[in-house]
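*Asks:* using only what follows, build the 3D model:
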Amino acid sequence: MSSEPFPPIPRTPAPRPPTDRLFERLSSIDHLPTLPAIAQKALTYLDDPELSMLRLSKIIEEDQSMASRILKVANSPFYSRSGKVGSIREAVLLLGINGIRGLILSMSVFEKIEGHAGTIKLWKHSFAVSVISRMIGETLRMGSLEDLGTAGLLHDFGKVIFYLDFESWMSDVFDRDKNIPDWRFEEDFFGASHAFVGFRLSYFWRFPSSIRIPIGWHNNPVRAPSYQLESAIVALADGLASMTGYGLLEAPAPDSTMMESIRILELSDDRLESIFRALLEDLPKLELPEV
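*Replies:* The predicted structure is shown next:
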């Protein structure tokens with residue numbers, strides 16, 4: 001008898017996800033997981049043409065967990081220089097309407113998918129990109145800090161749809177050849193990238209183009225139809241977050257998208273070095289609000 005071990009049984013690959021299901025999902029993309037009642041109430045009220053900051057603050061205060069997390073963000077040194085935001089009304093005024101909308105939406109949805117593999121890392125990455133986008137915008141005096149922070153927070157939000165509807169295939173995404181960018185793999189595997197899905201999501205949630213475009217083109221800012229500088233800032237923040245330990249992968253080297261963003265922003269080596277130095281100094285102070 002041969003002493004050779006039995007050859008491994010080849011794993012039958014799972015059938016590819018039907019792309020028509022993804023596009024069917026996209027056609028009703030506003031139907032995300034059922035959000036907590038107060039979150040839904042606040043998001044609905046944000047569309048009221050007679051919006052009152054005081055009324056919005058009172059709605060948010062009905063959910064103490066949400067209120068405390070928003071206050072934690074507002075009191076972060078990245079948002080409040082004084083660090084003395086004591087009320088939700090002050091937080092709303094500081095973060096702005098789109099900033100509050102993005103926080104409520106992202107916190108509520110990430111809370112719903114918390115048990116899925118990789119979502120905590122995705123949340124940490126998203127929040128870090130938000131902070132870094134604001135920081136770069138402030139340093140370069142480019143764009144609206146509120147819009148940059150919101151676009152950074154939601155730049156990977158399209159991945160939520162993959163986590164929700166295609167969870168059984170997410171291991172294929174995680175285990176892909178790491179030389180292939182996730183968005184290129186998604187286009188081939190799912191039929192659409194997370195950036196495209198995020199762009200559609202931001203449209204249905206009524207974010208302005210200054211937020212939608214950077215979300216949709218953060219992987220390819222040179223092709224952004226408008227808001228190219230903002231798209232490049234979010235793209236650069238995405239790469240810098242990964243290089244400083246807040247990535248979905250472990251500390252990759254600068255990639256072509258980062259280099260493209262540096263060219264678009266016309267950053268000198270000295271300017272880029274000062275941004276990176278500030279990140280290394282300030283990011284250890286980053287306290288992530290829980291989802």
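*Asks:* which ones are touching residue 274?
*Replies:* Counting by Cβ atoms under 8 Å, 6 or more residues apart in numbering, residue 274 makes contact with residue 139. In short, each C-beta sits where N, CA and C put it, glycine included.
*Asks:* any idea how far it is from residue 145?
*Replies:* Here residue 274 is placed at a distance of 18 Å from residue 145 (Cβ to Cβ, to the nearest Å).
*Asks:* and what of residue 123?
*Replies:* 21 Å.
*Asks:* which of these two has more neighbours?
*Replies:* When neighbours are counted by other Cβ atoms under 10 Å, residue 123 and residue 145 differ, and residue 123 comes out ahead with 23 against 18.
*Asks:* hang on, that one packs against residue 112?
*Replies:* No - using Cβ atoms under 8 Å, residue 123 is not in contact with residue 112; the gap is 11.7 Å.
*Asks:* intersection of neighbour lists for those two?
*Replies:* Joint contacts of residue 123 and residue 112 (Cβ under 8 Å, 6+ apart) do not exist.
*Asks:* list phi and psi for residue 217.
*Replies:* Main-chain torsions, residue 217, degrees, to the nearest 10: phi -120, psi 20.
*Asks:* show me the contacts for it.
*Replies:* 195, 223, 224, 225, 231.
*Asks:* isn't the fourth one right up against residue 213?
*Replies:* Yes - distance between residue 225 and residue 213: 6.8 Å, which falls inside the contact criterion (Cβ under 8 Å).
*Asks:* more neighbours, these two?
*Replies:* Set side by side, residue 225 and residue 213 show more neighbours around residue 213, with 23 against 10, by other Cβ under 10 Å.
*Asks:* and the more buried one, its phi and psi?
*Replies:* phi -60, psi -50.
*Asks:* wait, it sits on residue 233?
*Replies:* No - Residue 213 lies out of contact with residue 233 (Cβ under 8 Å); the separation is 11.7 Å.
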